[in-house]
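# Below is the sequence, then the predicted model.
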Amino acid sequence: MGRLETVRSNNEVASAPEGKATKMRITQQMRTSLPYQSKGGRGAGRIEISEGKVERVKEEGRMPYREEVRLCIERARLITEGYKQAENDSIILKRAKAMAHYLDNRTLYVLPNERIVGNVASEPCSLITFPEKWSGWLDKAIDGEYKMLLPDEGKREELHKIHSYWRGKSVHGMERSLLPKDILDYWFYPNQGVFLWLHGGHVGTPNYEKLFKVGLKGIIEEARGKLEEISSDPELYLHAEDYLKKKEFYEAVIISMEAVIRQGKRFSDLLKEKALEEDNKDRKAELEEMSAICDWVPENPPRNLHEALQFYWFINLIARVLDLHSSGNGERMDQIFYPFYKKDKEEGRLTYEEAEELVEHLMLKFNEEGSLIPPSQPQAGPLVTRVTTIGGVTREGADATNEMTYILMDAKNEMGLNQPALAVRLHPQTPQALYEKIVESVVKQPGVYSFFNDNMMIPFLMNLGIPLEDARDYATDGCMRWDIPGKAICMRALGGSVALPKCLEYALYQGVDKFSGKQVGPRTSDPLTWTSVEDVMDAYEEQLKFFMHKLFTIYNLVDVLDGRYLPQPFLSGVIDGCIERGQDVREYKYYPNTIIQPVGQVTIINSLSAMKK
């Protein structure tokens, strides 16, 4: 088993007195602690190596990480061990068994005063790595720009050894040996300057409403039922290949769910140990309560708000962080948590202020995360974008605003941390009180609120073919993309960005790159022959189509490789439709969606308008 421990603070926070008006809540004191601070090192400079000595050179905006941040290699080690142990299994069983090995053996800890548990790395202020996704660039970086993230020479040697196993197996880079030469020449952004594409994380939002009703044991029962159903099919011999594929899928789902349940039990045992060691009676009672919660969830349905918050974090931690890193949240927190808050409040177990404090504990957990990015992209930053949606309408069309909407806003405003940002859905029946709260909130927390118009979004989604009830249930995911919670609308985050102004530049130069002098785009018409802005647009569109064809060829090939080598049985088990069909979430799509992000639209509009004049 992995190491179980409590991380202790150098300045333990004492228990605060009762009463919101007379004290600063413990969460508001915790927020200044190092584990919850941004991993970003704004202005920390770049790293230079001279004669074997690593030095930090002050340079605004170049070094993405703070000096305290470290690289944790525990996930890389345990996932690699799991892959080796399951070497002869199919890829989906291999993924499930490797993840189970990781969850069964990884280090667990409890931070001082926290009431929601579930750590990302083996130590606070650490980043984890995904060798099955990428390893090549990191193998170079830990001896260069990122040496300070892994200063221990023994650990660097171990990670090099781990990476040697993944050479030729990591998905990132596989596409280069498969692309036709006329596409491969455009793979590297500096060669063309139009599109920047990324493997990105794979995002998808679990159906928390269902999970809160059945628990993970209900998902296991569902998968076992389907496994029994296909095994007893009298015509199995007619479709043996399909049977085998589904059988392995259901087995992988069961393995994954059972591993996550065991992790909850491991946390329960750890919390029980800490409760026995704790002298402070209030904290002792908290640890005992948390132990009981983790013994119950995520195996069983949550019975109160605290259990629901802990259940949510366990699922989110696996689906969004530990399995394959991704951005976003994609759920409507005020909708999924409100029934538990309402029941607790009506039965006298919880006040508004106590609920707000529990939500603040959840928000602290989001801020433990960080993103490991290539040193070539320092401006991308280490922040993991987490956006949760509030407000809007119900699936039946009624106003969905409730007390949990305001609790989430109050918690966000009080904590003042980066994550999560809040996306507020607005519609004609939005109550005046929510508008007033928005005005108050954007003053306290400028830059963390975004607003979505239901009158625009719902018809837009219906025009795509989304049923009305599902369209009403939309949420935001990642930065600003739309999502339907619980549905298999899974995609790679940051699949690609397209610089539209560069395509216009290519049109003006007949496809010649003005920096290199090379013919990069198609040879479009001579600008000297243009007589109207329509001629400009024709040349621009031809350039854009040319480069989009290149980008989508790469994008679609990488999607195929990700689906082949990185199935996600856990995520598949908690999203609608996958168990019913016996298909991984990489294969089954409720609605096919892509993340190709155009940039520079305003520049294009202004440029064409100026030319028209």
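That came in fine, so what should we check first?
# rest of the way, CA atoms for contacts and neighbours
Will do.
# longest single helix anywhere in the protein?
Taking DSSP state H as the criterion, the chain has its longest helix at helix 240-277.
# how about the following helix or strand past that helix: buried residues?
The first helix or strand that comes after helix 240-277 along the chain, using DSSP states H and E, is helix 281-296. Residues of helix 281-296 classed as buried by neighbour count (16 or more other C-alpha atoms under 10 Å): 283-284, 286-296.
# what does stretch 429-443 give?
Within stretch 429-443, the residues that qualify as buried by neighbour count (16+ other C-alpha under 10 Å) are 430, 434, 438, 441.
# same check, this time on stretch 449-457
By neighbour count on 16+ other C-alpha under 10 Å, the buried set for stretch 449-457 is 449-450, 452, 454, 457.
# now the end-to-end length of it.
Distances were taken as C-alpha to C-alpha, to the nearest Å; on that basis the terminal residues of stretch 449-457 are 17 Å apart.
# let's have the chain start at 830 instead
Right, with 830 as the first residue, what we last looked at is stretch 1278-1286.
# show me where pLDDT drops low in the stretch 1230-1379 of the chain?
1319-1324 (pLDDT under 70).
# Contacts only, for K923.
In this structure, K923 makes contact with 911-912, 915-916, judged by C-alpha atoms under 8 Å, 6 or more residues apart in numbering.
# Show me just the buried residues among these.
Under a neighbour-count criterion of 16+ other C-alpha under 10 Å, the subset of the contacts of K923 counted as buried comprises 911-912, 915.
# Now flag whichever of the residues you listed is closest to R924.
Each of the buried ones among the contacts of K923 was checked against R924 using C-alpha to C-alpha; the closest is Y912, at 7.2 Å.
# Remind me which helix or strand the closest one belongs to.
helix 903-914.
# Name the residues of that helix that are buried.
903-912.
# For stretch 1186-1200, what is the distance to the chain centroid?
Computed by C-alpha atoms, centre = their mean, to the nearest Å, the chain-centroid distance of stretch 1186-1200 equals 14 Å.
# Settle this for me: R1215 is touching S1155, isn't it.
No - counting by C-alpha atoms under 8 Å, S1155 is not a contact partner of R1215; they are 9.4 Å apart.
# Have a look at those two and say which one is more surrounded.
Each of R1215 and S1155 has its neighbours counted (other C-alpha atoms under 10 Å); S1155 has more, 24 against 21.
# and the more buried one, helix, strand or coil?
With DSSP: H, G, I helix; E, B strand; the rest coil as the basis, the three-state label of S1155 is coil.
# How about N1422?
coil.
# Among the buried ones among the contacts of K923, which one sits closest to A929?
Of all the buried ones among the contacts of K923, the one sitting nearest A929 is G911; the distance, using C-alpha to C-alpha, is 8.0 Å.
# That closest one: what's it in contact with?
Taking C-alpha under 8 Å, 6+ apart as the test, what G911 contacts is 923, 926-931.
# Ok, K1273 next?
When contacts are counted by C-alpha under 8 Å, 6+ apart, K1273 is found next to N1242.
# how close does the residue of the chain positioned farthest from its centre get to D968?
Of all residues in the chain, T1358 sits farthest from the chain's C-alpha centroid, using C-alpha atoms, centre = their mean; the distance is 49.5 Å. Counting by C-alpha to C-alpha, the gap between T1358 and D968 amounts to 52 Å.
# roughly how far apart are R1112 and A915?
Applying C-alpha to C-alpha, the value for R1112 to A915 is 42 Å.
# ignore the last one, I1318
In this view, I1318 and A915 are 29 Å apart by C-alpha to C-alpha.
# One more: L1067?
L1067 sits 29 Å away from A915 when distances are taken as C-alpha to C-alpha.
# thinking again about what came up before, can you tell me which of the contacts of G911 end up in helices?
Here DSSP H is the test, and the contacts of G911 give 923, 926-931 as lying in helices.
# Out of the contacts of K923, which is nearest to E1409?
Each of the contacts of K923 was scored against E1409 by C-alpha to C-alpha, and A915 proved nearest at 26.3 Å.
# ok, and the closest non-adjacent residue to that closest one?
On the basis of C-alpha to C-alpha, 6 or more residues apart in numbering, the spatially nearest residue to A915 that is not a chain neighbour turns out to be K923, at 5.3 Å.
# And the pLDDT at the residue nearest to P1204 when sequence neighbours are not counted?
When the adjacent residues along the chain are set aside, P1204 lies closest to E974, with 6.7 Å between them (C-alpha to C-alpha, 6+ apart). At E974, the model reports a pLDDT of 90.
# State the distance from E974 to G1245.
In this structure, E974 and G1245 are separated by 31 Å, where distance is defined by C-alpha to C-alpha.
# who's more crowded, those two?
Of the pair E974 and G1245, E974 is the one with more neighbours under other C-alpha under 10 Å, namely 21 against 15.
# Checking my notes, the more buried one in a helix, right?
No - the secondary structure assignment for E974 gives coil rather than a helix, going by three-state DSSP.
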